[in-house]
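Undergrad: Here is the input, now give the coordinates:
(one chain, ligands or ions: 1)
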Amino acid sequence: MKIFVTGAAGFIGSHLVEDLLSDGHHVTGLDDLSTGRLSNLRVVAGHPGFRLVQGSILDEALVSELTAGCQQVYHLAAAVGSFVIRDRTLESLRTNIHGTENVVDAAARCGAVLLAASTSEIYGKNMKPGLCEDDDRIIGSPLKSRWSYAEAKAIDESLIDAYSRERGLKAVIIRFFNTVGPRQTGRYGMVIPRFTRQALAGESLTVYGTGDQIRCFCHVYDVIPALTKLIAAPAAYGLAVNLGSNEPISINDLAERIIAATDSASVVTHTPYLDAYGSGYEDMQRRIPDCTLARTLCGFTPRRTLDDIVAAVVNDQEASRSAVVAS
Ligand SMILES: NC(=O)c1ccc[n+]([C@@H]2O[C@H](COP(=O)([O-])OP(=O)(O)OC[C@H]3O[C@@H](n4cnc5c(N)ncnc54)[C@H](O)[C@@H]3O)[C@@H](O)[C@H]2O)c1
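TA: Model prediction:
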């Protein structure tokens, strides 16, 4: 198949591209390299079935041109990361709303099946253990920029739903819960790569807030096969599907786990949200998915544990540090 991947140089996108190429597909990637990196695509550079176009999903004509003739579109490009959303709120809103509309419209016009990345942030402050796809959203004020990412992704979901019902678009929406693994960077606020970098450098691991927040982390290698199965599953079209693990851990315990895994002498410190993010920041205290729908649709069952994930991120960062030293 001819497949178009937006956000191809990103963390999830680069792993997806590798998987699609190994299955013999022809892949065109689009990325503006704002949080993505060319080095993420080192393994596939020069592959005859792959082409990366540097550009933006805000470029409607380019998106239209790259979508033409494709049977599938994976839309992963987005402004991502709590620091990016805080510091570049306007640009992030435009990317995540107008950019997505360009991709959705192009997919609908050329009859490609669309898989679009959404987020567990959609559920906001809903604390229910085992969040289901039709659970209510509990979101703070739209004037708190923290919620603008969830708001934009929610508009994307409504847009895709409308295109599906009114324009015959075939699409599945994926609500990623924290997805982690090699190549994810901690620079934009992702907690496991950030803690790992701090532990390996012997710095304090800075926990934001009390550290009692509960999260579930899923290995990207468990997520990628589910994406390729769900885009090919007509029963998934028109639906939003949670993808995540069911191994909850508090951020305090996560920090200790990473210190132990790296055999580090680092200590854990706590930074109030106010100092980390500025005024008006709110967090969700617990985010645990119910993935029954994904299991029913494509047999999704994460196999890698949190210890596997931490080990993979530690190996990845140690390899990067060795490469820098050697060069
Ligand atoms: N990793 C997670 O835990 C997680 C959780 C929830 C949702 N998601 C969603 O999954 C998708 C992929 O996220 P990721 O974790 O791989 O992050 P990422 O930052 O590594 O990937 C996003 C990619 O989009 C690119 N991009 C940003 N703006 C663009 C634009 N205007 N035009 C073209 N490319 C642009 C970036 O350069 C980057 O390569 C995103 O849509 C994100 O919202 C991820």
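
Undergrad: ok, the closest residue to Gly49 other than its chain neighbours to Ala107 distance?
TA: In this structure, Gly49 finds its nearest non-sequential neighbour in His26, 4.7 Å apart by CB to CB, 6 or more residues apart in numbering. Glycine gets a C-beta too; all of them are placed from N, C-alpha and C. According to CB to CB, to the nearest Å, His26 and Ala107 sit 17 Å apart.

Undergrad: Then Leu58?
TA: Using CB to CB, Leu58 is found at 16 Å from Ala107.

Undergrad: neighbour-wise, which of those two wins?
TA: Ala107 (27 against 16; other CB atoms under 10 Å).

Undergrad: May I have the helix or strand hosting that one exported as PDB, CA atoms only?
TA: Assigned by DSSP states H and E, Ala107 falls within helix 100-110. What follows is helix 100-110, C-alpha atoms only, in PDB (Å, rounded to 0.1, in the frame of the first residue of the first chain):
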ATOM      1  CA  THR A 100      -5.600  18.200  11.800                       C
ATOM      2  CA  GLU A 101      -8.500  19.600   9.700                       C
ATOM      3  CA  ASN A 102      -6.200  19.700   6.700                       C
ATOM      4  CA  VAL A 103      -5.300  16.000   7.100                       C
ATOM      5  CA  VAL A 104      -8.800  14.900   7.800                       C
ATOM      6  CA  ASP A 105     -10.200  16.700   4.800                       C
ATOM      7  CA  ALA A 106      -7.500  15.400   2.500                       C
ATOM      8  CA  ALA A 107      -8.100  11.800   3.700                       C
ATOM      9  CA  ALA A 108     -11.900  12.200   3.200                       C
ATOM     10  CA  ARG A 109     -11.400  13.600  -0.300                       C
ATOM     11  CA  CYS A 110      -9.100  10.900  -1.600                       C
END
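
Undergrad: And it, how far out from the chain middle?
TA: Between the centre of helix 100-110 and the centre of its chain there are 20 Å (CA atoms, centre = their mean, to the nearest Å).

Undergrad: all helices for this protein, in order.
TA: Assigned by DSSP state H, the chain shows helices spanning 11-22, 60-67, 82-87, 89-94, 100-110, 148-167, 191-200, 220-231, 251-262, 273-277, 292-298, 306-326.

Undergrad: Residues of the stretch 101-250 of the chain that sit close to the ligand?
TA: The stretch 101-250 of the chain has residues Ala117, Thr119, Phe176, Asn178, Thr179 near the ligand, with proximity defined as CB under 6 Å from any ligand atom.

Undergrad: Near the first one, how many residues? Count them for me, please.
TA: In this case it means Ala117. Neighbour count of Ala117, defined by other CB under 10 Å: 25.

Undergrad: same question, the fourth one
TA: Applying other CB under 10 Å, we find 19 residues neighbouring Asn178.

Undergrad: Find the nearest non-adjacent residue to it, please.
TA: Excluding its sequence neighbours, the residue lying closest to Asn178 (CB to CB, 6+ apart) is Phe217, at 4.8 Å.

Undergrad: and the nearest residue to Leu297 once chain neighbours are set aside, what pLDDT?
TA: Nearest residue to Leu297 in three dimensions, chain neighbours excluded: Ala236, at 5.0 Å (CB to CB, 6+ apart). In this model, Ala236 is scored at 98, pLDDT.

Undergrad: for Arg175, same thing?
TA: pLDDT, Arg175: 98.

Undergrad: Let me see the contact set for Leu274.
TA: Leu274 makes contacts with Tyr281, as judged by CB atoms under 8 Å, 6 or more residues apart in numbering.

Undergrad: Distance of it relative to the ligand?
TA: Relative to the ligand, Leu274 is positioned 24 Å away (CB to the nearest ligand atom, to the nearest Å).

Undergrad: now do Gly69
TA: Counting by CB to the nearest ligand atom, the gap from Gly69 to the ligand is 20 Å.

Undergrad: returning to what we had before: surely the residue nearest to Leu297 and Leu230 touch.
TA: Yes - counting by CB atoms under 8 Å, Ala236 touches Leu230, with 4.8 Å between them.

Undergrad: Now for the two: what residues contact both?
TA: Residues touching both Ala236 and Leu230 (CB under 8 Å, 6+ apart): Val172, Leu297, Cys298.

Undergrad: residues contacting the first one?
TA: In this case it means Val172. By CB under 8 Å, 6+ apart, the residues touching Val172 are Leu114, Leu115, Ala116, Leu230, Ile231, Ala233, Ala236, Tyr237, Gly238, Leu239, Ala240, Val241.

Undergrad: If we use 6 Å, what do you get?
TA: Residues in contact with Val172, defined by CB atoms under 6 Å, 6 or more residues apart in numbering, are Leu115, Leu230, Ala236, Tyr237.

Undergrad: could you give the mean pLDDT of stretch 263-279?
TA: On average, the pLDDT along stretch 263-279 is 91.

Undergrad: buried sites along it?
TA: If you call a residue buried by 16 or more other CB atoms under 10 Å, then stretch 263-279 has these buried ones: Ser264, Ser266, Val268, His270, Tyr273, Ala276, Tyr277.

Undergrad: Since that was my last question, I'll sign off now.
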